[in-house]
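Participant: Any chance you could fold what I've pasted below:
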Amino acid sequence: MRFKRFGASLLVSGLALVGAATPAMAHSELKSSDPAKGASLATPPTQVKLTFSGPVTLAADPIQITGPENAKWTVGRAEVAGTVVTAPVQAVGPVGEYTLRYKVTFADSHESSGTVKFNLSAPVAPPASSAPPASSSSAASASQQPATSATPAPQADEATPEGLLPTWVWIVLAVAVVLAGVVVALRFTRRKSGPGDES
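Facilitator: As a prediction, the model looks like this:
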């Protein structure tokens, strides 16, 4: 009788220990995601969200999203708040199946990684670059600059047409001619007046 009671109490204690150890041995896991597993999206998300069953910390490069034709989404800086991990994303790629890969570390130092697959039902083109408009405007301004710089050229040619001398040179020459004429006239008159004076 005592042996049966001892065996029953031992069985109950063993079951209690197993029940208590089971939650401790169980690791945290991914509970939900946005986009959800198997979802079909007509419009790509601007943010992904992963919710786990327990607190997590981020590993290096915790989230990656790839798709068909080597498409790879740009994933911004991931942030964690308790059990929720969020990260901004910029989608690009054709229609097809995409794979979100995650890597986190749980509170018990257990590292975990997994995938969430979803579909895009409409292609996403890459964002338009602002470089072409800038280059076209710079080209337009460059095309205008030669036109404005070319206008002074004819003005420089018109400043001295046909290689004429400046006005001040002509004035100096005229004064010199007049002075030379005066000197010659004075000498000529002196020569004429000289013989008359001697008689």
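Participant: need the contact list for the residue nearest to residue 74 when sequence neighbours are not counted.
Facilitator: The shortest distance from residue 74 to any non-neighbouring residue, by C-beta to C-beta, 6 or more residues apart in numbering, is to residue 90 (4.1 Å). Bear in mind the C-beta positions are built from the backbone N, C-alpha and C, glycine included. In this structure, residue 90 makes contact with 46, 73, 74, 76, 127, judged by C-beta atoms under 8 Å, 6 or more residues apart in numbering.
Participant: separation between the third one and residue 177?
Facilitator: To tie it back to what came earlier, the one meant is residue 74. Residue 74 sits at a distance of 87 Å from residue 177 (criterion: C-beta to C-beta, to the nearest Å).
Participant: for the last one, same thing?
Facilitator: Computed as C-beta to C-beta, the residue 127 to residue 177 distance reads 81 Å.
Participant: I'd like to know which helix or strand in this structure has the lowest mean pLDDT.
Facilitator: Confidence across the helices and strands of the chain bottoms out at helix 2-25, with a mean of 46, counting by mean pLDDT, DSSP states H and E.
Participant: Identify the spatial nearest neighbour of residue 55, chain neighbours not counted.
Facilitator: Once flanking residues are discounted, residue 55 sits nearest to residue 107: 4.9 Å by C-beta to C-beta, 6+ apart.
Participant: Would you check how far apart that neighbour and residue 48 are?
Facilitator: In this structure, residue 107 and residue 48 are 22 Å apart, going by C-beta to C-beta.
Participant: ranges for the helices of the chain?
Facilitator: In chain order, the chain shows helices spanning 2-25, 131-150, 152-159, 167-198, with DSSP state H as the criterion.
Participant: Considering those helices, which stretch scores lowest in mean pLDDT?
Facilitator: In terms of average pLDDT, helix 2-25 trails the rest of the helices of the chain, at a mean of 46.
Participant: Residue 99: which of the contacts of residue 90 is nearest?
Facilitator: Nearest to residue 99, judged by C-beta to C-beta, of these is residue 73 at 10.4 Å.
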